[in-house]
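Peer 1: quick one, structure for this:
(2 chains)
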Amino acid sequence: MNPPTEPSNRSSWSSYLQSLTSQGLFVDALQLCRRIHLLDLPLDRFVLPPALKACSSSPSNLPFSLQLHAYAHKTSYLSFTFVITSLLSAYVKLAAFKSAYKLFDEIPQPTVVAWSAFIAGLARNAPFAHSLSLFKLMRVCGPDFNSATMLGLLPACTQQAHLCSLMALHTCNVKVGMQVSEPSVSNCLVTAYAKCGNTALARQVFDETLERDLVGWNAMLSAYCQNGEAHRALELYQEMVAIGVEPDSVTLVCVLSACTHLGAIATGLEAHERTKRFMPNLPLSNAIVNMYARCGDLSMARAHFDEMSIRTVVTWTTLISGYGAHGHGAEGAYLFDAMVVGNIRPDATAFVAVLSACSHAGLVDKALAYFASMKQNYMIEPRLEHYACMVDVLGRAGRLDEAIALIEAMRVEPDGAVWGALLGACRIHLNVRLAEKAANQVFQIEPNNVGYYVLLSNIYASAKDHRGVAKIRALMRERGLKKPPGLSYIELERRVHVFMADDHSHPRSEAIYKELERLEKALEEVGYVRDTSVADALFGVEEERRGEVLGVHSERLAVVFGLMCTGMGERIVVIKNLRVCGDCHEMIKFTTMVASREIVVRDATRFHHFKQGACSCRGYW
DNA sequence: TTAGGGTTAG
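Peer 2: Model prediction:
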């Protein structure tokens, strides 16, 4: 959009300024303000809100905001609520909290709008405690709050720690009957509960809402997606469609995201069909590319990417990470270079994507070159996640000394992910001594992250160090840590089936176990030997747990069920929430030979394409 | 003063 034409008479300065700020042209707006100021032209009060909005775009404009404040005082414009609210929100955005509180104190009798504006400003720009205590003060000595007060305050509840306060605010709403009369407040409560990680309470509010609108459905869908309950999101979506609620583009972004998590490509395809009438739509298109890439269909992801008329760095990053996850590092790097040639500037996230693509494909030199160019060519200071990627790259390739040197040279304190990457490399190259060193660090930084304990325990097990295994298991018990359950998903005829280890809950469970037994016999005949090192290490240490460890992993059940339900030549796609176990990895390799099938497994870190007895990861996982 | 959405690592 072009900037509007400058006005010829003074009376339209304020509307001109307004149009500049509404287009986000803050620099031009500020220049104009200063010119008006220099010319000493008489301003009307309507100039102040856009001028203050422009000021709040950068902290360096605080002195100018103070000048505008003084001007408002001199001209008595401060008696208008809209001038006060503009000043308050400018001060809050500029983090000039003292000035904001002082101004608020000076208002003789703040209206509900002034209270709400100040609360909303604090909610967005200051820690939650600020806006909450102002709301408490309002309850004591201010006017009654209205729905706008709540809509401004609730978005500040963003963490688990805010849950108790959120429940208290919820009670306030129930008391005045607002939750029933105002769907917008209910929807905001759903979102707030979701951000605090409590989908059960979010659902309760959703269920109690009488006038349920599309925003409410979308808020609940997104609540499930953000909290790793994609399965529930899809159920809710089916329910919504069944009662005739027409999805919009936001609904479809949520649904595509849920399909992405579950690997539910058939449902994703159906959602893709529904997106047609919203196109072109950048967030939707990005979600589609991501869905295909992470559901295992790179060519569909690429086809949609190629069709897009506008692509941002987010679009490119999505596809690069897709190629990376499938082990096509060279293509990922090629895309990154093509993006740069097309004049799209990579950001820190794009570098994470390309570095991880290099890592999964073992492209060490390429990764080192990208890592160097971040700072040299783009002035992007490597962050912890970039270091974690580089340690991963060097570590996987067996260049452990260089990985350690990199950690030692880091300007920032390494975090759990960095040491965790080194620990992962120690698993691949079975370096027990270095693993202990890395684990020692990681346990101090992230004492509750179970994954790292399991990793070290498995390293000891592979090295047949039974005492080491016992030590880690004891440490886990002492700290009250339990391994999260491994889950595998498989989508068949638009239904997602979920399996856990030793799961007997599936309706066709008996047949699945029989088929598994038959398959394992056939695999042994062609040379598959079950790797029991992890379970053996527990033998004599935790006799009662040996069975559990030796038990049937979820990916085995999902793969066998997939074999049973699909025809010859059909590809099987299984999604796992944790890393696929070494023994299952081996077993699936043999299965592709015996059953002449292609099997794709997406685990927590990447894709494994199994075909004719080999896996695309070639050990880089 | 005013509710819902997309990308990365381990």
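
Peer 1: lowest confidence element among the helices and strands of chain A?
Peer 2: Here the helix or strand of chain A ranked lowest by mean pLDDT, DSSP states H and E is helix A:543-550, holding a mean of 52.

Peer 1: what's the first helix or strand after that helix?
Peer 2: Toward the C-terminal end, the helix or strand that comes next after helix A:543-550 (DSSP states H and E) is helix A:554-565.

Peer 1: tell me what that following helix is packed against?
Peer 2: In terms of contacts (3 or more C-beta pairs under 8 Å, 6 or more residues apart in numbering; DSSP states H and E), helix A:554-565 is packed against strand A:487-492, strand A:495-500, helix A:509-525, strand A:572-576, helix A:582-594, strand A:599-602. C-beta: built from backbone N, CA, C; applies to glycine.

Peer 1: distance from the chain centre to that helix, please.
Peer 2: Taking the mean of its C-alpha atoms, helix A:554-565 sits 29 Å from the chain's own mean (C-alpha atoms, centre = their mean, to the nearest Å).

Peer 1: quick one: residues in contact with it.
Peer 2: A:486-490, A:492, A:497, A:499-501, A:503, A:506, A:508, A:511-512, A:515-516, A:519, A:572-574, A:576, A:580-581, A:584, A:587-588, A:591, A:595, A:597, A:599, A:601 (C-beta atoms under 8 Å, 6 or more residues apart in numbering).

Peer 1: hmm, try it at 7 Å
Peer 2: The contact list for helix A:554-565, computed with C-beta atoms under 7 Å, 6 or more residues apart in numbering, reads A:486-490, A:492, A:497, A:499-501, A:503, A:511-512, A:515-516, A:519, A:572, A:574, A:576, A:580, A:584, A:587-588, A:591, A:595, A:597, A:599, A:601.

Peer 1: and stretch A:195-212, by the same measure?
Peer 2: Residues from elsewhere that reach stretch A:195-212 (C-beta under 7 Å, 6+ apart): A:157-160, A:162-163, A:166, A:179-180, A:183, A:186, A:189-190, A:193-194, A:216, A:220, A:223-224, A:227, A:229.

Peer 1: just the buried subset of those residues, written out for PyMOL, thanks.
Peer 2: Buried residues within those, by 16 or more other C-beta atoms under 10 Å, are selected in PyMOL with:
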select buried, chain A and resi 157+162+163+166+179+183+186+189+190+193+194+216+220+223+224+227+229
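
Peer 1: just the ones of the contacts of stretch A:195-212 in strands?
Peer 2: Judged by DSSP state E, those include no members of strands.

Peer 1: re earlier: list only buried entries from the contacts of helix A:554-565.
Peer 2: By neighbour count, with 16+ other C-beta under 10 Å, the contacts of helix A:554-565 hold A:486-490, A:497, A:499-501, A:503, A:512, A:515-516, A:519, A:572, A:574, A:576, A:580, A:584, A:587-588, A:591, A:595, A:597, A:599, A:601 as buried.

Peer 1: out of those residues, which are close to DNA strand B?
Peer 2: Among these, no residue is within reach of DNA strand B (C-beta under 7 Å from any atom of the strand).

Peer 1: quick check: residues of the stretch 51-200 of chain A near DNA strand B?
Peer 2: Residues of the stretch 51-200 of chain A that fall close to DNA strand B, judged by C-beta under 7 Å from any atom of the strand: A:82, A:85, A:89, A:112-113, A:116-117, A:120, A:146-149, A:151-152, A:155, A:183-184, A:187-188, A:191.

Peer 1: taking those residues, please make a ChimeraX selection of just the buried ones.
Peer 2: Filtering those down to the buried ones (16+ other C-beta under 10 Å) takes a single ChimeraX command:
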select /A:85,89,112,113,116,117,120,146,147,148,149,151,152,155,183,187,188,191
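
Peer 1: tell me, what residue is most central in chain A?
Peer 2: Using C-alpha atoms, centre = their mean, the residue of chain A that lies closest to the mean C-alpha position is residue A:226, 7.3 Å off.

Peer 1: tell me how far that residue lies from DNA strand B.
Peer 2: Distance of residue A:226 to DNA strand B, given as C-beta to the nearest atom of the strand, to the nearest Å: 7 Å.

Peer 1: now do the contacts for that residue.
Peer 2: residue A:194.

Peer 1: at 8 Å instead, please
Peer 2: Contacts of residue A:226 (C-beta under 8 Å, 6+ apart): A:194-195.

Peer 1: again with residue A:169
Peer 2: For residue A:169, the contact set (C-beta under 8 Å, 6+ apart) comprises A:135, A:150, A:153-154, A:157.

Peer 1: closest approach to DNA strand B from the stretch 451-600 of chain A, which residue is it?
Peer 2: For the stretch 451-600 of chain A and DNA strand B, the shortest gap (C-beta to the nearest atom of the strand) falls at residue A:451, measuring 7.3 Å.

Peer 1: and the pLDDT at that residue?
Peer 2: At residue A:451, the pLDDT value in this model is 86.

Peer 1: how near is residue A:563 to residue A:527?
Peer 2: 19 Å (C-beta to C-beta, to the nearest Å).

Peer 1: which one's more surrounded, the two?
Peer 2: Between residue A:563 and residue A:527, residue A:563 has the larger neighbour count (other C-beta atoms under 10 Å), namely 19 against 9.

Peer 1: roughly how far out does stretch A:54-67 sit from the chain middle?
Peer 2: How far stretch A:54-67 lies from its chain's middle: 33 Å, per C-alpha atoms, centre = their mean.

Peer 1: now do stretch A:217-234
Peer 2: Relative to its chain's centre, stretch A:217-234 lies at 13 Å (C-alpha atoms, centre = their mean).

Peer 1: and that stretch, end to end?
Peer 2: 12 Å (C-alpha to C-alpha, to the nearest Å).

Peer 1: hang on, residue A:261 is in a helix, isn't it?
Peer 2: Yes - under DSSP: H, G, I helix; E, B strand; the rest coil, residue A:261 falls within a helix.

Peer 1: residues touching the nearest residue to it once chain neighbours are set aside, list them.
Peer 2: Nearest residue to residue A:261, sequence neighbours excluded (C-beta to C-beta, 6 or more residues apart in numbering): residue A:230, at 3.8 Å. By C-beta under 8 Å, 6+ apart, the contact list for residue A:230 reads A:224, A:257-262.

Peer 1: rerun at 7 Å
Peer 2: Contacts for residue A:230 (C-beta under 7 Å, 6+ apart) come out as A:224, A:258, A:261-262.

Peer 1: with distance to DNA strand B added, can I get those residues in CSV?
Peer 2: Converted to CSV, the contacts of residue A:230 look like this (distance: C-beta to the nearest atom of the strand, whole Å):
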residue, distance to DNA strand B
A:224, 11
A:258, 9
A:261, 8
A:262, 13
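
Peer 1: just the buried residues from those, in PyMOL please.
Peer 2: Only the buried entries of the contacts of residue A:230 go into this PyMOL selection, using 16+ other C-beta under 10 Å:
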select buried, chain A and resi 224+258+261+262
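
Peer 1: show me which residues of the stretch 401-550 of chain A sit near DNA strand B.
Peer 2: A:416-417, A:420-421, A:424.

Peer 1: now intersect the residues you listed with the helices, please.
Peer 2: Among those, the members falling in helices (DSSP state H) are A:416-417, A:420-421, A:424.

Peer 1: between the residues you listed, which has the most around it?
Peer 2: Neighbour count (other C-beta under 10 Å) singles out residue A:421 as the most crowded of those, with 26 neighbours.
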